[in-house]
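Asker: generate a structure from the sequence data that follows.
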Amino acid sequence: MKAIAEGTGNRLDWSAIPAAMLAEPAPDLSALADDDGAATFWEVLNALSPGRFAVGDVQDHSLILLPAADQTAAATADGVLRIEVGPATPRPRFGSDETLLRLPVRMIAEPRVQPLAILPRGGGLTASAAGTALTSFTPAASREVSFANGTATFEVDFFAPPAAPAALTVDGTFEITFIPGRRTFVFEPTDAGQSRTVDGLTVRFEDLKQTADGVTASAAVLYDADGGGLAFESYRTWRYDAAVRLRTANGTRLEPTVPPRIVSEGAAAIAVKAGFAPALDERAAMRVEIIAPAAPETAAVRWKNLPVEAVPPPLDANPKPSEKAP
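Answerer: Below you'll find the predicted structure:
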C-alpha cells in the first residue's frame, strides 16, 4: 500500500482494513508491468482489491479503502478512472409489459486529481447480450454528471431481450473533465505586480502589505478562458479553491489567521486576499506562496467487452390466467 501511494502520488487510507489482511504477503503483480516495468494506479489496485478490500470514495484527498465485501459490480479502468458497472437488474417498464435492464455505473478518480464532470461521447454506455446489441431506453440521455467526493454515479436502462440473459457485455465511451492537481507559485515581497503562467494558469502577485497589526497578501488567479467548456460555466466553484501562505527565512510555513477570501471575480478569474500575524522577527525575508488548482483538462475514457452479471428476474407469484398451468 505504501509503495502504491509513494509511486503514484495518490494518498490511500487503509485504516479500516483489518490488520490481519495487511499483514499478508503481497501478491506478485509483475504480470501487470509494461515494458518499462511500470503499471498504473488503478491496474494495481484493481488487481489487489478482490477478496481483500473494497474501494470507497475520496475524503480529504485520500482514497478510502474498506473491508472486503461481496463484489457484484464488474470493474475496469482507463486513465485516472476506475469504472464499476452492474450488476444489471430487471425492472418493469411503467405502463407496459416490457422489461428493462438497469445498469448502475460508478466512476472513481485517482485522489491526486480533482474530477469535475463526466460526459457521454459517441454511444456513451452500450450493452449487448449473447452478441446482440440492446436498445437503450433513453438513447437521447447525454447529460453531464458531476463528481462528489471523487466519484460519479448514474444509471442507464436498456430494453431486456426476450430471454433473460445471465450476463451482458458492456462498452463505454466518455469524456472526463478534471483538474490534474494544484500548482504552487512562489514570490518575493519585491515581486509585486509580477505574473507567472503555467499550463493555462496565471497567478499575479499584487502586493504584501505590512502593518503593526499584521501582514496582508493579495493575488489574482486567472485561467485561460479560451479553453471554454463546462469548467467555465457559472456554477463551477473549483476556481475558488486557492490558498495563500507565507514562508519565513528559516523555512517555517505560516498559515493565514484570516483565511483567503475572494475580493472580486470574473468568468475565469478571482482576486484573493489573506491575512497573517507573523512575529516581528519572522517578517524579514518572507516569501509568498500561492497555491491554485491547475487549469482543467479533458481526457477520453473508453473500455470494451466488460462482462457484467445480470440478475435473473423474480419469479412471478401471480401469473396471468393465460400463463397458469392446466
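
Asker: just checking: what are the partner strands of the longest strand anywhere in the chain?
Answerer: Taking DSSP state E as the criterion, the chain has its longest strand at strand 114-129. Strand 114-129 pairs in its sheet with strand 132-133 (antiparallel), strand 145-146 (antiparallel), strand 167-179 (antiparallel), by DSSP bridges.

Asker: which of these is buried the deepest?
Answerer: For the strands paired with strand 114-129, ranked by mean neighbour count under the definition mean count of other CB atoms under 10 Å, the leader is strand 167-179 at a mean of 21. For glycine as for every other residue, the C-beta is placed from the backbone atoms N, C-alpha and C.

Asker: quick one: mean pLDDT over that one.
Answerer: On average, the pLDDT along strand 167-179 is 94.

Asker: Three-state assignment for residue 45, please.
Answerer: Look at residue 45: counting by DSSP: H, G, I helix; E, B strand; the rest coil, its state is helix.

Asker: touching, it and residue 55? I think so.
Answerer: Yes. Under the criterion of CB atoms under 8 Å, residue 45 makes contact with residue 55 at 7.0 Å.

Asker: neighbour-wise, which of those two wins?
Answerer: With other CB atoms under 10 Å as the criterion, residue 45 and residue 55 differ in neighbour count, and residue 45 comes out ahead with 24 against 19.

Asker: got a list of what that one touches?
Answerer: Residues touching residue 45, when contacts are defined by CB atoms under 8 Å, 6 or more residues apart in numbering, comprise 4, 55, 82.

Asker: count of neighbours near residue 314?
Answerer: Neighbouring residues of residue 314 were enumerated by other CB under 10 Å; the total is 7.

Asker: typo on my end, it should be residue 128
Answerer: Neighbour count of residue 128, defined by other CB under 10 Å: 16.

Asker: all helices of this structure, in order?
Answerer: For the chain, the helices identified by DSSP state H occupy 2-8, 19-22, 41-48, in order along the chain.

Asker: of all the ones you listed, which one is nearest residue 61?
Answerer: With CB to CB as the measure, helix 2-8 is the member of the helices of the chain nearest residue 61 (11.6 Å).

Asker: can I get the CA coordinates of the closest one in CSV?
Answerer: As requested, C-alpha coordinates have been extracted for helix 2-8 and formatted as CSV (Å, rounded to 0.1, in the frame of the first residue of the first chain):
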residue,chain,number,x,y,z
LYS,A,2,2.8,2.4,0.9
ALA,A,3,4.6,1.6,-2.4
ILE,A,4,1.5,2.3,-4.4
ALA,A,5,0.9,5.7,-2.6
GLU,A,6,4.5,6.8,-2.9
GLY,A,7,4.9,5.6,-6.5
THR,A,8,1.8,7.3,-7.9
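
Asker: numbering from 29 from now on, please.
Answerer: Okay, using 29 as the starting number, the last item reads as helix 30-36.

Asker: quick one: buried residues of that helix?
Answerer: The neighbour-count check on helix 30-36 (16 or more other CB atoms under 10 Å) flags 32, 33, 36 as buried.
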